[in-house]
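The following block contains a protein sequence and its predicted model.
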Amino acid sequence: MILIGERINAGFKDIARAIREHDPAPIIKWAKKQAECGADYLDLNIGAASKDPGDMAWLVEVVQGAVPTSISIDSNKPEILKAGLKALDGRPAIVNSTTADDEKLEAIIPLAVEYNAGLIGVAMDERGSPQDVERRIELGAKIFMAATEAGLPPERIFLDPILMPIRFMQDQATKVLEVIRQYTLLSDPPPHISVGLSNICSKTKERSLITRTFIVMAMAAGLDAAICDVTDEALLDAIATAELILNKEIYSDGYLQAFRLRRGTRSGGRS
Ligand code: THG
């Protein structure tokens, strides 16, 4: 699984304040903590409220000064994505994200190409996020084809079927599982498939239980990446065990210990 740490997001009050006041301390704290937990990428999101590309460049610089971890630049605005990409020191990055409308595809795919980055394509367009399986497949396929034509190999493309809160849209989770299965059939090798995992538990109790139960089901369907709470140990243990059961890891009595140790010693993690 490719784990993308969700915590440096202005949806959290401490991060919103840190960005507003350009206070690096909370950013550095969460960058180090998520890197220690084994994040492969750190998602950076300055929030819908901020329209200043300089804020994204600042965030990228602060994170790069703190950890060697790869970066996911999270915005739907091309000028904010570009400011983040320009600030990169050469480490691997993901552009998160483009939707399927032509205007976004034309602006955002070339950025991923130019900066040698991965690209997350979300199954949305100018009309918003579809609630049915077919439209999500259509939009994902459209993004996949446009990105491929522009020269991105499937290994650099991530499709996101858009996970919805279980509390408000209970019928959506099974639809997302079906879309994941279908996305694996788009090419051989298939593109990566990713979700914003915490979307599902928004405003629920049992956040951790709901997210780890869903991710195990989604991994069985073909999910191989997630923007998630990498500090949730029960979640990471469930992911390790799902990888074992899906025969992606070799069983030993110490598999869990080995997995925890490996994550803990990733680049940027504790040595
Ligand atoms: N797809 C893609 N990118 C995304 C998302 C997605 N980026 C943003 C988001 N969705 C993923 N990141 C988060 C980060 C935090 C939370 C949810 C998703 C979260 N929010 C709390 C809640 O909703 O209850 C509120 C924050 C708080 O506790 O203050 O946990 O789907 N490509």
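The structure has been received and is ready for your questions.

Next up, the contacts around the residue in the stretch 51-200 of the chain positioned nearest to the ligand.
At 2.3 Å from the ligand, residue 196 is the closest residue in the stretch 51-200 of the chain, using CB to the nearest ligand atom. Bear in mind the C-beta positions are built from the backbone N, C-alpha and C, glycine included. If you count contacts by CB atoms under 8 Å, 6 or more residues apart in numbering, residue 196 has them with 6, 160, 162, 163, 226, 227.

From residue 109, how far off is the first one?
Looking back up the chat, that one is residue 6. 24 Å (CB to CB, to the nearest Å).

higher neighbour count, these two?
Neighbours per residue (other CB atoms under 10 Å) separate residue 6 from residue 109, with residue 6 holding more: 26 against 23.

Nearest residue to the more buried one in space, please, no chain neighbours.
Nearest residue to residue 6, sequence neighbours excluded (CB to CB, 6 or more residues apart in numbering): residue 227, at 4.9 Å.

Could I get the pLDDT score of that neighbour?
pLDDT, residue 227: 98.

same check, this time on the one 5 residues further on
Residue 232 is assigned a pLDDT of 97 by the prediction.

still on that earlier bit, which helix or strand contains the residue nearest to residue 6?
Assessed by DSSP states H and E, residue 227 sits inside strand 225-228.

What of residue 95?
Assigned by DSSP H and E, residue 95 belongs to strand 93-98.

now residue 58
Using DSSP H and E, residue 58 falls within helix 53-66.

Quick one: residues in contact with that helix.
8, 19, 22, 24, 27-28, 31-32, 42, 44, 46, 69, 71, 73, 75, 77, 79-84, 86-89, 91.

and what of stretch 83-98?
Stretch 83-98 is contacted by residues 4, 41, 43-44, 53-54, 56-57, 59-61, 64, 68-76, 81, 104-105, 108-109, 111-112, 114-115, 117-122, 143, 158, 160, 227 when judged by CB under 8 Å, 6+ apart.

Need the buried ones from those selected in ChimeraX.
Selection of buried members from the contacts of stretch 83-98 for ChimeraX, criterion 16 or more other CB atoms under 10 Å:
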select :4,41,43,44,53,56,57,59,60,61,64,69,70,71,72,73,74,75,81,104,105,108,109,111,112,115,117,118,119,120,121,122,143,158,160,227
